[in-house]
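Enquirer: no sequence for this one, just the structure:
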């Protein structure tokens, strides 16, 4: 299951979260099966998002859409987005 992992700094988490919740790229329609949002414990304005897909193609397409969104909001809602598509190769619970 491909995961699009996005990381970036935000000037204000509440403002960023409002923009995220408005869903400008259409996560569900783009094939996102589930997502999780994480914040750094020592920097509450550093955000990580994992978006899970059924196919690599869906992940690639949403990443392309996100790059367009980032071009419009860079410096306003977030800074320096980093993204990569990854897959879980091992998971163990204790």
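Expert: Alright, I've got the coordinates. Since the structure is predicted, the reported quantities are computational estimates derived from the model, not experimental observations.

Enquirer: what are the ranges of the helices in this protein?
Expert: 13-22, 56-73 (DSSP state H).

Enquirer: now tabulate those in JSON lines and tack on mean pLDDT and mean neighbour count.
Expert: Bear in mind the C-beta positions are built from the backbone N, C-alpha and C, glycine included. What follows is the helices of the chain, written out as JSON lines (pLDDT from 0 to 100; neighbours: other C-beta atoms under 10 Å):
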{"stretch": "helix 13-22", "mean pLDDT": "95", "mean neighbour count": "13"}
{"stretch": "helix 56-73", "mean pLDDT": "95", "mean neighbour count": "15"}
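
Enquirer: quick one, which of these is nearest to residue 5?
Expert: helix 56-73 (9.9 Å; C-beta to C-beta).

Enquirer: same for the closest one, what does it pack against?
Expert: strand 2-9, strand 79-87 (3 or more C-beta pairs under 8 Å, 6 or more residues apart in numbering; DSSP states H and E).

Enquirer: work out the gap between it and the centre of the chain.
Expert: Here helix 56-73 is found 10 Å from its chain centre; the criterion is C-alpha atoms, centre = their mean, to the nearest Å.

Enquirer: residues making contact with it?
Expert: 2-4, 6, 19, 24-27, 30-32, 51, 53, 78, 81, 83, 85 (C-beta atoms under 8 Å, 6 or more residues apart in numbering).
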